[in-house]
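Engineer: Sequence first, predicted model second:
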Amino acid sequence: MSEISQRVTQASDTELDYDAIVVGAGFAGLYMLHRLRSLGLRARVFEAGSGVGGTWFWNAYPGARCDIESMEYSYQFDEALQQEWVWSERYAAQPEILSYLNHVADRFDLRRDIQFDTRVQAATYEEAQGRWRVRLEKGGTATARYCIMATGVLSSANIPAIPGLADFPGQVLHTGNWPHAGVDFTGKRVGVVGTGSSGIQVIPEIAKQAAHLTVFQRTASYTIPARNAPLDPAAQAAVKADYQGLRQRVSLMPIGAEFYHRDVSALAEAPAAREAEMEARWRKGGTSFGAAFNDLMLSKEANQVAADFVRAKIRSLVADAATAERLMPKQLFGCKRICLDTDYYATFNRPNVSLVDVSGGIEAATAQGLRVAGRDYALDTLVFATGFDAMTGALLKVDIRGVGGLPLSQKWAEGARTYLGLQVQGFPNLFTITGPQSPSVFTNMVPSIEQHVEFIADCIAYMQPRGLTRVEPVKAAEDAWVEHVGGIAASTLYASCNSWYLGANIPGKPRVFLAHIGFPTYVQRCREVVAKDYEGFAFA
Ligand code: NA7
């Protein structure tokens, strides 16, 4: 154990000084720590959870599974790692991803610089010293030149303010904060609120156990069969024979993952041909159903083609016509995130499952359960699959203050503003990995994270030999970036519905489109910025 880490381990309530502080030990924080170490920096990671994994630590609900294929949803920075790790399924389940991240932490000896069970409460830029002072919830502070937020984009759980919720005596759970010991639903009357990706994954699993499951649906989602299956060893070996080739190919695809894009308009093909294409994709399973045509998110008429196809599938899969009708999404296809499922629609054919429309709101929670439109539903356990304060929630939970003590919450009062999703003007040396206005949720998150980590590490490496100690965006660059990202979204149908991409799921949250659509164009832009000596950034 090094002298510094000994000091750290022994003295959690005294002030400690580092070159860099990283907040969070998920995919982003782990790789950031590894890169900072390779620059010879003294780095410390503070992690609220008791283990590594971030999203994959907290979302331990039954059925939790990635919607990007395992061979791609993994690090590529280390060839030996990607060659040696063996994935068992097409789409990895939460426990497997968590054990992968634990393996990474051990393999690169990362744990000695991670302080677990330590939530960061505040981070303040002290201009005179040019350092960030980070305050820990359990006491103590630490300082560093760089503060890197690796806090995740879907990590601040949203529990709706339902009147009387405190009076409900049963167990209340959120999918994003699931007990690691597991939950036994046997013989229980369970209510699930929310039918986004998490609800759609957890509902079939709870239905297998519960005495009765009532699903409270505000908005029906579009979901495509995952067709998850064990990974064929020969297919896995074939990928590994040219892993870099796959990585290179997918880095040029719009979401940084194999998506089987077809450059054909949904309106240009004969109906029989387009039906055949969608049917083939439905049978194959996976999100690339949404890439069958090039204009689903550009034209409402084209969008209707995919929407009608999925609605017809629902009609054919759900026995009760009224339930099928309620499960049919009314909004545009893909405007809210497309889900992947395993037996979701078939679950509603079970005698112990019922669907309740809460589009008019949930009236109240009572001592017995939930009340909707004057009717009471008796429940023992309540599961919220109600999503997250996405992209900005986890950052704003920390009281971050920049130059002149300006709170980040104030800077972002009208909506998040960043340059490249990496930095905020007025908050020098603060970096956000997959921050707002970067591609983040519109991509395969792991390559997006790697690209950001490498950008940040390269930026620090650029500064060191030049004697530079401070970096932040110039205001004009930030303004132009916010406008650019919003402009891309406005040219698509993504900006037209109430999704968490623009903050619409959180009451009172300003509506600003929070992700850059298009991974390759973003990466290219970052490369150009670096090539022009970090154009748009100011150093001191
Ligand atoms: P999502 O996608 O935000 O889904 C949350 C669901 O909860 C969605 O159906 C919401 O309906 C519903 N919701 C939210 N608030 C309420 C209230 N007050 N009453 C009833 N229903 C409500 O979160 P997930 O966790 O499923 O998925 C997040 C991402 O994680 C996912 O896209 C993957 O990338 C992984 P709404 O649509 O807002 O009407």
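Structural biologist: Happy to help now that I have it.
Engineer: only C-alpha atoms for contact and neighbour calcs from this point on.
Structural biologist: Will do.
Engineer: on contacts alone, who are the packing partners of the longest helix seen in the chain?
Structural biologist: As assigned by DSSP state H, the longest helix anywhere in the chain is helix 445-466. Packed against helix 445-466 by the contact rule (3 or more C-alpha pairs under 8 Å, 6 or more residues apart in numbering; DSSP states H and E) you find helix 27-38.
Engineer: residues in contact with the helix or strand following the helix it packs on?
Structural biologist: Sequence-wise, the next helix or strand downstream of helix 27-38 (DSSP states H and E) is strand 43-46. Around strand 43-46, the neighbours that count as contacts under C-alpha atoms under 8 Å, 6 or more residues apart in numbering are 18-25, 29, 33, 36-37, 113-116, 118-120.
Engineer: Packing partners of whichever helix or strand comes after strand 43-46?
Structural biologist: Using DSSP H and E, the helix or strand that follows strand 43-46 towards the C-terminus is helix 55-58. Packing contacts for helix 55-58, counted by 3+ C-alpha pairs under 8 Å, 6+ apart, involve helix 94-107.
Engineer: Is the helix it packs on positioned near the ligand?
Structural biologist: No. Helix 94-107 does not reach the ligand (C-alpha under 6 Å from any ligand atom); its nearest approach is 11.5 Å.
Engineer: got the angle for the longest helix of the chain vs helix 27-38?
Structural biologist: Taking axes from the mean of the first three to the mean of the last three C-alpha atoms, to 10 degrees, helix 445-466 and helix 27-38 form an angle of 30 degrees between their directions.
Engineer: Could you list which of the contacts of strand 43-46 belong to helices?
Structural biologist: Using DSSP H, the contacts of strand 43-46 in helices are 29, 33, 36, 37.
Engineer: Any stretches of the chain with poor pLDDT?
Structural biologist: Scanning the chain for pLDDT under 70 picks out the ranges 1-14.
Engineer: Return the residues of it in contact with the ligand.
Structural biologist: Proximity of the chain to the ligand, by C-alpha under 6 Å from any ligand atom, involves residues 160, 193-199, 217-219, 337, 385-388, 505.
Engineer: hmm, what's the outermost residue in the protein?
Structural biologist: residue 270 (37.0 Å; C-alpha atoms, centre = their mean).
Engineer: still on that earlier bit, quick one: mark the members of the residues of the chain next to the ligand that sit in helices.
Structural biologist: Among the residues of the chain next to the ligand, the members falling in helices (DSSP H) are 197, 198, 199.
Engineer: What's the separation between the closest residue to the ligand within the stretch 401-540 of the chain and residue 113?
Structural biologist: As assessed by C-alpha to the nearest ligand atom, the ligand sits closest to residue 505 within the stretch 401-540 of the chain, at 5.0 Å. Applying C-alpha to C-alpha, to the nearest Å, the value for residue 505 to residue 113 is 36 Å.
Engineer: what does residue 513 give?
Structural biologist: Residue 513 is 35 Å from residue 113, by C-alpha to C-alpha.
Engineer: what does residue 470 give?
Structural biologist: 24 Å.
Engineer: before we move on, what about residue 161?
Structural biologist: In terms of C-alpha to C-alpha, residue 161 sits 38 Å off from residue 113.
Engineer: more crowded one of those two?
Structural biologist: residue 113 (22 against 10; other C-alpha atoms under 10 Å).
Engineer: And for that one, nearest residue in space, chain neighbours not counted?
Structural biologist: Nearest non-adjacent residue to residue 113, counting by C-alpha to C-alpha, 6 or more residues apart in numbering: residue 44, 5.3 Å away.
Engineer: What about the one you found, how many residues nearby?
Structural biologist: Number of residues near residue 44 (other C-alpha under 10 Å) recorded here: 30.
Engineer: cool, and residue 234?
Structural biologist: Residue 234 is flanked by 9 other residues according to other C-alpha under 10 Å.
Engineer: that's a helix at it, yeah?
Structural biologist: Yes. The assignment for residue 234 (DSSP: H, G, I helix; E, B strand; the rest coil) places it in a helix.
Engineer: looking at the ones in helices among the residues of the chain next to the ligand, which has the most residues close by?
Structural biologist: Neighbour max across these (other C-alpha under 10 Å) = residue 199, 27 neighbours.
Engineer: who's in contact with it?
Structural biologist: Applying C-alpha under 8 Å, 6+ apart to residue 199 gives the contacts 192, 193, 385, 386.
Engineer: about what we covered before: beta partners for the residue nearest to residue 113?
Structural biologist: Beta-bridge pairing of residue 44 under DSSP bridges involves residue 21.
Engineer: now it: how far from residue 427?
Structural biologist: Distance from residue 44 to residue 427, by C-alpha to C-alpha: 20 Å.
Engineer: Helices of the stretch 101-250 of the chain, start to end?
Structural biologist: 197-209, 233-241, 243-251 (DSSP state H, counting those that start in this stretch).
Engineer: now, of these, which is deepest in the fold?
Structural biologist: helix 197-209 (a mean of 23; mean count of other C-alpha atoms under 10 Å).
Engineer: and that one, how far out from the chain's middle?
Structural biologist: 19 Å (C-alpha atoms, centre = their mean, to the nearest Å).
Engineer: Return that helix as CSV; C-alpha atoms alone will do.
Structural biologist: What follows is helix 197-209, C-alpha atoms only, in CSV (Å, rounded to 0.1, in the frame of the first residue of the first chain):
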residue,chain,number,x,y,z
SER,A,197,-37.4,-0.1,-19.8
SER,A,198,-37.1,-1.0,-16.1
GLY,A,199,-40.9,-1.7,-15.6
ILE,A,200,-40.9,-3.8,-18.8
GLN,A,201,-38.0,-5.9,-17.5
VAL,A,202,-39.2,-6.3,-14.0
ILE,A,203,-42.9,-7.0,-14.6
PRO,A,204,-42.6,-10.4,-16.2
GLU,A,205,-40.3,-11.5,-13.4
ILE,A,206,-42.5,-10.3,-10.6
ALA,A,207,-45.6,-11.8,-12.3
LYS,A,208,-44.0,-15.3,-12.0
GLN,A,209,-43.9,-15.0,-8.2
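Engineer: How many residues are close by residue 335?
Structural biologist: 21.
Engineer: start at 715 instead
Structural biologist: Taking 715 as the first residue, the last one we looked at is residue 1049.
Engineer: The ligand versus that one, what's the distance?
Structural biologist: 11 Å (C-alpha to the nearest ligand atom, to the nearest Å).
Engineer: Could you check stretch 809-817 and say which residues are buried?
Structural biologist: Residues 809, 810, 811, 812, 814, 815, 816 are the ones in stretch 809-817 that count as buried (16 or more other C-alpha atoms under 10 Å).
Engineer: The third one - nearest residue in space that isn't next to it in sequence?
Structural biologist: The shortest distance from residue 811 to any residue other than its chain neighbours is 6.7 Å, reached at residue 770 (C-alpha to C-alpha, 6+ apart).
Engineer: before we move on, what about the last one?
Structural biologist: With C-alpha to C-alpha, 6+ apart as the criterion, residue 816 has its nearest non-adjacent residue at 6.5 Å, and that residue is residue 766.
Engineer: give me every residue that touches that neighbour.
Structural biologist: Shown here is residue 766, whose contacts under the criterion C-alpha under 8 Å, 6+ apart are 739, 740, 812, 815, 816, 819.
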